Every structure is written in C-alpha cells, then in structure tokens.
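Chemist: Could you look at this predicted model? Sequence included:
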Amino acid sequence: MSESSLRNTDIDAALNEAKEAYVTSAPRSLARYVEATTVMPGGNTRTVLHYAPFPLAMARAEGCRMWDVDGREFIDFLGEYTAGLYGHSHPVIRAALDRALDNGISFGASNMTEARFARAVCERFGLERVRFTNSGTEANLLAISLGRIFTRRKKVLVFNGGYHGAVFGFAGGGSPINVPLDYVLAPYNDIERTQALIAANADELALVILEPMIGSGGCIAASADFLGMLRRETARVGALLVLDEVMTSRLAPGGLQSVAGVKPDLTTFGKYIGGGMSFGAFGGRADIMDLFDPRRADALPHAGTFNNNVLTMTAGLTGLTEVYTPEAAVALNARGEKLRERLNALCRTADAPVQFTGIGSMLAVHTMRGPVTSPEVAAKADPKLKELFFFDMLAHGIWLARRGMMTVSLPIGDAECDALVAAVEEFLSARRSLLR
Ligand SMILES: Cc1ncc(COP(=O)(O)O)c(C=O)c1O
C-alpha cells in the first residue's frame, strides 16, 4: 500500500472510533432522532443541522453554554450560524421582550417600535430606506425582484459557493430547489472572468449579488480589488450591486461594506439583527426602495404577516442600540481576530494542513495548506480530516457547525477562547500522524 492510502486507512479507523464514542455518549439524542424520522423527512426540518450518524439534540442554553439532552455541557462556538451573536437569553433583550409581551404579541397594525428600529438600522448601516421581512431568504428574494423591476432587466449575476437563502444558494454551482431566476454563475474573487461575464451580459444584467465575505461557504473574504471592480463595472453597465450582509453585517459597526470601502445600491440583512427572533431586512437607495411606497399609484406590494411583529422589532431595537453598540462590535471582532491568530499559530507550529479563515468574529476551519481564496480552492480540503476535527471538538465540549464554521458571540470570554485553543492544540497533537 502507498503511504497516502495507508494514511487514508488510518483516518478511516480514527473516524470510526470517534463516531462510536459519539454514539455511545448520546443515547437520548439518538432516541429523539429515531422518533423524529417517523414524522419529518430524515428527522429534520433544517438541512444544515443534520449530520451522520445523527445530530445531537440540545435541551437548554444560557449565555454561551448549552447542554444536550444527555446532560453534557458545550461551549457554543456555533452561535446559531451568526444569528446568536447576543448569546442565549441576553438579560437586556430578555427584559425588553418580557415588557413587550405584557402588551400583546401581534397587532395586525402599525406599532410604535418598527420605525424606531428602522431608523436604528438605517443609521447604523448607511441606508436611506429599509423594509423588514421574516428571514434572510425573503430579504434576498425581495431585493432581487426589486432590482429586476427597477432596472427593467432580468439577469442576476451570482457566485459559485455563495449562499443567499433556502431557495437561492450556489454551493457546488446551484441547487435544484432554487427559484427559477435567470442567473449567471461567476467565480468568486476572479476579477478577469467575472468582468468578462458582466461585459458579456451587459444589456440584460439587472444586478450582481454577493456576500462581501462568503459565510456558510467557508468564511472566504472578497478582495478589495474584486469588490472595487464589481462596483465600477455594475455602475458602467447600469446594473445594481447588492451586498448580502445577512451574516457579515456583524463584522464592523457599519457592516463589512463600511470597512471594505464599497457602497452597494441595496444591502440585505438577517440573523442577529433580530435580537434572536426571526428576522430579515433589505434596504439602501431611496429612489429604488421607494417603489414600495404605498402612496404611489404604481406602488409595488410588499406583504408579510410578521414583518413588523412586536417581538422582533423590540429585540432587534434593544440589541442594536443597547447591546451591540458600535464599540461592542469593535471589541467583539478584535476578540475574534485574536482567537483566529492564536489558532493559526498553533497550526503553523504543528506544521499541520489545518487553518482558520475568516474576519473578526466569524471563522471556519479548512483542512488544507495554502491560501483559501475561493470556494473552488476550499473544495480541495480533506473532508475526512474535517469530519474528524468536528467529532474531536464535540468530544472536547466545543459546539460548532459540522462544516467547520464557528462564531464568537458576546458572552464568549477569555476562558472560552482558551478552551477552544486547548481543544485544537490537543487535536493537532493527538492526530499528528494523520496530519502529515
Ligand atoms: C449570506 C446569507 N444570506 C441569506 C441567508 C438566509 O437567511 P435565512 O436563513 O434567515 O433565510 C443566510 C443564512 O444562512 C446567509 O448566510
């Protein structure tokens, strides 16, 4: 046998052993899963939460800690895929929600909180107008429809590996369940090829949509030159630039766009901005957004039963103005930056094919060497090593995404960062022979 096939056999053996220990440690999660498969396809109602052999079920959470149904404690480094920035049951948000509940949950009428929240979002992220939705998916679909109507054009340029919601995702090129929009697929961070695609579709292109850092696709940041080219070229051909900041708006006080130095025509939001409640929003230029102004004879409709629901408006406003202040955003992202540097220093010292990408409070592990500049490059990582990393982290009480994404939420402090660093150090040392 060659050295590499021997190594593969060793990784398989290590993985099997890790999974057996996992199964033994989680009998209640297993029972819940088996029962759930009888009423939900695969026992699941949110695909990203499924992993083999079966996902853990959590029973309780507080601050940055969670306890599974078998009673084991985890440090929550997933942070609900960025939506859990405030941690679990933040006392200030909790108190605001309690007060709001005393006055009724849903009015079917305008309320006193929605415009205050809208003002806070507009001021924070430099928008002239904003509209609320119930999810990031909805925000993106509405922004895209709006952009197509505004430009009177049909085509949308998207990027391989980008994700804009349940029915508009491009991991591995696209998904059969995507809405049937006329889209052009471009390679992320590839200036020349993307510029050529924009030129080739110049007359029909309504908009370009992208995450300024690809989030769920592996925390891969767009280069400043790439973003600059997109801003220039969209303006040149009369298309809109839409930034999906559903995840990345947490990375700087004014969103990632404020430090990346590019001003989009529209931005979409979601996740943590709802203070832990269901949330989405889109906004930007008044001349585009005001197509929704219901006082106009030709106004576009924008419906959504829960768009202004009292709980989201209250939790969101409280979170953004009282908890995740601009100063808190700077501090949290500095903590994340320091953590990533510590983790990468360990990987370098161990000379292991492991690295952590990302910006500020969002990070992702890649089991490979060399710069990770695009989803195509990231796809070359060793999937089995990444799976082993995941199960080893769980065994150390670290909760993270199966795909290797992690976030630093507000309640995570030095002790929790130290615990993650120690778990990764242990992984690098215990698995040294597999990481050659
Ligand atoms: C960049 C990005 N856009 C849109 C979405 C969709 O948001 P939601 O899950 O709230 O529909 C997500 C969710 O992960 C996302 O990461």
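Modeler: Received the coordinates, thanks. Numbers count the residues shown, from 1 in each chain.

Chemist: from here on, contacts and neighbour counts on C-alpha atoms
Modeler: Noted.

Chemist: mean confidence score for the helix ranked longest in the chain?
Modeler: In the chain, with assignment by DSSP state H, the single longest helix is helix 326-350. Per-residue pLDDT values over helix 326-350 give a mean of 98.

Chemist: next helix or strand past that helix?
Modeler: On the C-terminal side of helix 326-350, the closest following helix or strand by DSSP states H and E is strand 355-359.

Chemist: relative orientation of that following strand and helix 326-350 in degrees?
Modeler: 160 degrees (axes from the mean of the first three to the mean of the last three CA atoms, to 10 degrees).

Chemist: and strand 355-359, C-alpha only, in PDB?
Modeler: Output in PDB follows, covering the C-alpha atoms of strand 355-359 (Å, rounded to 0.1, in the frame of the first residue of the first chain):
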ATOM      1  CA  GLN A 355      -6.100  26.600   9.100                       C
ATOM      2  CA  PHE A 356      -8.800  29.000  10.200                       C
ATOM      3  CA  THR A 357     -10.100  31.600   7.700                       C
ATOM      4  CA  GLY A 358     -12.500  34.500   8.300                       C
ATOM      5  CA  ILE A 359     -12.700  38.000   9.600                       C
END
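
Chemist: domain parsing for the protein?
Modeler: 3-85+329-435, 91-323 (automatic domain parsing).

Chemist: The ligand contacts on the stretch 151-300 of the chain?
Modeler: With CA under 6 Å from any ligand atom as the criterion, the stretch 151-300 of the chain meets the ligand at residues 163-165, 211, 215-216, 244, 246-247, 270-271.

Chemist: Could you pull out the helices in the protein for me?
Modeler: 3-25, 27-36, 91-101, 114-125, 136-151, 191-200, 224-237, 256-260, 286-289, 310-318, 326-350, 375-378, 383-395, 414-430.

Chemist: Show me which residues of the last one are buried.
Modeler: Along helix 414-430, these residues count as buried under the neighbour rule (16 or more other CA atoms under 10 Å): 416-417, 420-421, 423-425, 427-428.

Chemist: Find the closest residue to the ligand in the stretch 201-350 of the chain.
Modeler: Val246 (4.8 Å; CA to the nearest ligand atom).

Chemist: Quick check: beta-bridge partners of the nearest residue to that residue once chain neighbours are set aside?
Modeler: Excluding the flanking residues, the one nearest Val246 by CA to CA, 6 or more residues apart in numbering is Phe269, at 4.0 Å. For Phe269, the beta-bridge partners are Ala281 (DSSP bridges).

Chemist: List the beta-bridge partners for Met213.
Modeler: Applying DSSP bridges, one finds that Met213 bridges with Ala221.

Chemist: Pick the most deeply packed of the domains of the chain.
Modeler: domain 91-323 (a mean of 20; mean count of other CA atoms under 10 Å).

Chemist: now the end-to-end length of that one.
Modeler: 10 Å (CA to CA, to the nearest Å).

Chemist: The residue nearest to Val246 reaches Thr137, doesn't it?
Modeler: No: at 9.4 Å, Phe269 and Thr137 do not qualify as touching, with contact defined as CA atoms under 8 Å.

Chemist: what sits against Val237?
Modeler: 198-199, 202-203, 205 (CA atoms under 8 Å, 6 or more residues apart in numbering).

Chemist: can you do 7 Å?
Modeler: Val237 sits next to Ala202 when contact means CA atoms under 7 Å, 6 or more residues apart in numbering.

Chemist: Also Val158?
Modeler: Residues in contact with Val158 (CA under 7 Å, 6+ apart) are 183-186, 208-210.

Chemist: how about 8 Å then?
Modeler: 170, 183-186, 208-210.

Chemist: now, the most widely separated pair of these?
Modeler: Greatest spatial distance among those (CA to CA): Phe170 and Val208, at 13.8 Å.

Chemist: Find the centremost residue of this protein, please.
Modeler: Nearest to the mean C-alpha position of the chain, by CA atoms, centre = their mean, lies Met247 at 4.2 Å.

Chemist: Report the separation between the closest residue to Gly360 other than its chain neighbours and Gly71.
Modeler: The shortest distance from Gly360 to any non-neighbouring residue, by CA to CA, 6+ apart, is to Asn333 (4.0 Å). Asn333 is 31 Å from Gly71, where distance means CA to CA.

Chemist: got it, and Val237?
Modeler: Look at Val237 and Gly71: by CA to CA, they are 58 Å apart.

Chemist: got it, and Asp225?
Modeler: Going from Asp225 to Gly71 by CA to CA gives 49 Å.

Chemist: re earlier: now the common contact residues for Phe269 and Thr137.
Modeler: Counting by CA under 8 Å, 6+ apart, the contacts common to Phe269 and Thr137 are Gly280.

Chemist: what's the distance between stretch 266-273 and the middle of its chain?
Modeler: Centroid displacement of stretch 266-273 relative to its chain, using CA atoms, centre = their mean, to the nearest Å, is 10 Å.

Chemist: Which residues does stretch 265-277 contact?
Modeler: Contacts to stretch 265-277, defined as CA under 8 Å, 6+ apart, come from residues 82-86, 93, 135-136, 139-140, 143, 240-247, 249-250, 278-285, 311-313, 315-320.
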